[in-house]
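>>> sequence and predicted structure, then a few things I'm wondering about:
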Amino acid sequence: MRIDPNQQRVFEAFARRNGRPLSPWQKIVGSVAAIGLFGLALVFSVVVFAVVLTVGAAVWGWFWWKTRNLRKQMRETQAQQQAQEGLVIEGEVIREVNEPGETDDRR
């Protein structure tokens, strides 16, 4: 496998560091930078979420508004069909009848 000379220089720059530990000042600056970057990412994600939520609500409202006549027609058609056909409730009933002189032992 052939290694690109530009990539080789990047790895050599890391190798020249000699493994020295970071000074306290470098640790503080690195921590502050990491916290700041995390804060910016959090703010960005909240803004993106708010924009997506707003656009979604606007699209839903537009769709609801455009389909209101269709929903009204569907309700009217359904009411007319029920009036023409009558209301049919389908089901089964099981009735137990006690003969005269029998006691009701369901209680």
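Arrived safely.
>>> and the helices in this structure, which stretches?
Applying DSSP state H to the chain gives helices spanning 5-15, 24-66, 68-85.
>>> of those, which is nearest Thr103?
helix 68-85 (44.9 Å; Cβ to Cβ). In this view, the C-beta of every residue, glycine as well, is placed from N, C-alpha and C.
>>> in TSV: the helices of the chain, plus mean neighbour count, distance to Gly91 and mean pLDDT.
As requested, the helices of the chain are arranged in TSV below (neighbours: other Cβ atoms under 10 Å; distance: least, Cβ to Cβ, whole Å; pLDDT from 0 to 100):
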stretch	mean neighbour count	distance to Gly91	mean pLDDT
helix 5-15	9	77	78
helix 24-66	10	36	97
helix 68-85	10	18	86
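>>> ok, which of those helices comes nearest Pro100?
Among the helices of the chain, helix 68-85 comes nearest to Pro100, with 42.5 Å by Cβ to Cβ.
>>> dump the helices of the chain to TSV, plus distance to Asp105.
What follows is these, written out as TSV (distance: least, Cβ to Cβ, whole Å):
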stretch	distance to Asp105
helix 5-15	89
helix 24-66	57
helix 68-85	43
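>>> and of the ones you listed, who's closest to Ile94?
Each of these has some distance to Ile94 by Cβ to Cβ; the shortest is helix 68-85, at 27.5 Å.
>>> what's the angle from the closest one to helix 24-66?
Here helix 68-85 points in a direction 50 degrees away from that of helix 24-66 (axes from the mean of the first three to the mean of the last three Cα atoms, to 10 degrees).
>>> spatially central residue in the chain, please.
Nearest to the geometric centre of the chain sits Leu53, at 10.3 Å (Cα atoms, centre = their mean).
>>> next one: that residue from Lys27, what distance?
Distance from Leu53 to Lys27, counting by Cβ to Cβ, to the nearest Å: 39 Å.
>>> ok, Trp64 next?
According to Cβ to Cβ, Trp64 and Lys27 sit 55 Å apart.
>>> same check on Thr103?
89 Å.
>>> cool, Gln80 as well?
According to Cβ to Cβ, Gln80 stands 77 Å off from Lys27.
>>> Thr54 now?
Separation of Thr54 from Lys27 (Cβ to Cβ): 41 Å.
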